[in-house]
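Novice: Need a 3D model of the following:
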Amino acid sequence: MIGGEVAMRVSPRIMADLAAPMDTVIVSGTNGKSTTTRMVRAALETRGPVASNTNGDNMASGVITALMNAPRAPFAALEVDEMHLPAVAGEVNPEVLVLLNLSRDQLDRVGEISSVELRLRQAVEEHPNAIIIANCDDPLIVSAACSSSKVVWVAAGAGWGADSIAYPRGGRVLWENGTWRLVPAQSGGALPELCERPRPDWWLDDIDLSASTPKARLNGPDGVSVELALALPGRANLSNAAQAVAAAAALGVSPQAAADAICSVREVAGRYSIYEVDGRQARIMLAKNPAGWQETMTMIDPEVKQVVIGLNGQIPDGQDLSWLWDVDFGALARTSDEDGEPIRVVACGERGADLAVRLEYANIHTSFVKTPMEALAACAPGRVEMLLNYTALRDFKTILDAREARK
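Specialist: A predicted model of the protein is given here:
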């Protein structure tokens, strides 16, 4: 990000100047930003070059660096941190704004989730001409987006509803039968005009999660129907793909061309990539907050018998890790074979001891070592699933890439 930091000091208007000739898509929300941005980039590349911050550098300096790296690109696909969204959107004036989901993350940096919703709502209201691609299954995203007259609703799912109890515009969220509606917070209380889940413009059906990679049919306006057969795991990535197709279509990309391009994405800044390390095939995945951990655990291959979980507590991770006690780690309690042997779980990282204690309270026996590399070495040769939070994954990937370069 250093190039963008220096450029911003030299020319405070550089972000706006660089973005002015580009058709820009901004992606924001708690989970899935990097993956959805990568998918949007792939879809837009069917039309021409795309400026994009591909490594999760999602604040102002990272955005400027991405724009400087492709100054003549006709398109930009930009991941933007939720708290920085109004400022960045004010500079780049996006044609499309993608809002994914909202849940607790880095409480010591951003505060409670209601303050994040207000930032997203501010960006929407300050850009009335932008097309808003919004997840109608997340009440907090609906609250942030519904002021716009140009909302495209996507039924992207909401696997985590623990942070969507109170509705920011009034009322209480009631979850039932896989959907939601609002009820008064108190007897005789008033409700906002929009008091139930909006009807989606894009939705998924025929979802198949039985294979190692997910499949579904994505349906859209005017009878659009395209197949999604992703190279990335998990139900959450089908949701990301649905919003990415909708965003690309808003800029005139054929939904079929967008879907085909998105299905070719195999890794995102190293996430989901597989490394061969001393006879161990390690697949690394990111999990950084309660909703993200819950979703990532569903991506663990049921045939894999060894899982490494790494947890740091640096500033980019959030130093308040009390949310660990809200996560249901039951997916790790399964047995590995017909003999009833439990899968092997190894905790590591700067806060790995906290994680090991949490797992023991969940009746999941856990080994503890200091680093992800030590944790991987503690596993037997074969396949290993590695779930790491932000800086743990970043630092481990640096080590792995250095090893690959020496080969």
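Novice: where's the nearest residue to Cys146 once chain neighbours are set aside relative to Val98, distance?
Specialist: Leaving aside its sequence neighbours, Cys146 sits nearest to Leu194 (C-beta to C-beta, 6 or more residues apart in numbering; 5.1 Å). Bear in mind the C-beta positions are built from the backbone N, C-alpha and C, glycine included. Distance of Leu194 to Val98, computed by C-beta to C-beta, to the nearest Å: 20 Å.
Novice: For the two, indicate the residue with more neighbours.
Specialist: The residue with more neighbours, out of Leu194 and Val98, is Val98; 31 against 15, by other C-beta atoms under 10 Å.
Novice: Name the helix or strand for that one, please.
Specialist: Remark: Val98 resides in strand 96-99, with elements defined by DSSP states H and E.
Novice: for that strand, packing partners?
Specialist: Contact analysis of strand 96-99 by 3 or more C-beta pairs under 8 Å, 6 or more residues apart in numbering; DSSP states H and E lists strand 23-28, helix 113-125, strand 131-135, helix 139-145, helix 235-250 as its packing neighbours.
Novice: now the ones you listed as TSV including mean neighbour count, mean pLDDT and distance to Arg38?
Specialist: Output for the helices and strands packed on strand 96-99, formatted as TSV (neighbours: other C-beta atoms under 10 Å; pLDDT from 0 to 100; distance: least, C-beta to C-beta, whole Å):
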stretch	mean neighbour count	mean pLDDT	distance to Arg38
strand 23-28	28	97	9
helix 113-125	19	93	21
strand 131-135	27	97	16
helix 139-145	27	95	20
helix 235-250	27	96	9
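Novice: Format those as a markdown table; extra columns: distance to Leu376.
Specialist: Compiled in a markdown table, these are given as follows (distance: least, C-beta to C-beta, whole Å):
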| stretch | distance to Leu376 |
| --- | --- |
| strand 23-28 | 32 |
| helix 113-125 | 34 |
| strand 131-135 | 35 |
| helix 139-145 | 37 |
| helix 235-250 | 24 |
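Novice: Looking at the ones you listed, spot the one closest to Gly223.
Specialist: Ranking these by their distance to Gly223 (criterion: C-beta to C-beta) puts helix 235-250 first, at 13.2 Å.
Novice: can you give me the offset of that closest one from its chain's centre?
Specialist: Centre-to-centre, helix 235-250 and its host chain are 12 Å apart (C-alpha atoms, centre = their mean, to the nearest Å).
Novice: after it, next one along is what?
Specialist: Using DSSP H and E, the helix or strand that follows helix 235-250 in sequence is helix 255-262.
Novice: residues of the helix or strand following that next one that come out buried?
Specialist: The helix or strand immediately downstream of helix 255-262 is strand 274-277, counting by DSSP H and E. Buried residues in strand 274-277, defined by neighbour count with 16 or more other C-beta atoms under 10 Å: 275, 277.
Novice: ditto for stretch 311-329
Specialist: For stretch 311-329, a neighbour-count test (16+ other C-beta under 10 Å) marks 311-313, 317-318, 321, 323-324, 327, 329 as buried.
Novice: Can you get me the start-to-end distance on that stretch?
Specialist: Taking C-alpha to C-alpha, to the nearest Å as the measure, stretch 311-329 stretches 14 Å from start to finish.
Novice: Can you name the residues in contact with that stretch?
Specialist: Contact with stretch 311-329 is made by 104-109, 162, 288-290, 293-294, 297, 347-352, 354-355, 358-359, 362, 364, 388-392, 395, as judged by C-beta atoms under 8 Å, 6 or more residues apart in numbering.
Novice: Against Leu120, how distant is Asp81?
Specialist: Asp81 is 11 Å from Leu120, where distance means C-beta to C-beta.
Novice: Please enumerate the shared neighbours of these two.
Specialist: Common neighbours of Asp81 and Leu120 (criterion: C-beta under 8 Å, 6+ apart): Ser28.
Novice: ok, the nearest residue to Trp153 once chain neighbours are set aside to Ala236 distance?
Specialist: In space, and not counting its chain neighbours, Trp153 is closest to Cys136: 4.0 Å by C-beta to C-beta, 6+ apart. Per C-beta to C-beta, Cys136 is found 16 Å from Ala236.
Novice: so who does Val166 touch?
Specialist: Residue 166: Ala, not Val. Applying C-beta under 8 Å, 6+ apart to Ala166 gives the contacts 114, 172-173, 185.
Novice: do Asn93 as well
Specialist: 16, 19-20, 24, 127, 130.
Novice: Out of those, flag the one nearest to Ala380.
Specialist: Set against Ala380, the nearest of the contacts of Asn93 by C-beta to C-beta is Thr24 (47.9 Å).
Novice: Does the closest one touch Val88 like I think?
Specialist: No - counting by C-beta atoms under 8 Å, Thr24 does not reach Val88; the two are 9.8 Å apart.
Novice: Now the common contact residues for the two.
Specialist: Leu78.
Novice: quick revisit: could you tell me what pLDDT the model assigned to the residue nearest to Cys146?
Specialist: Here, the pLDDT recorded for Leu194 equals 90.
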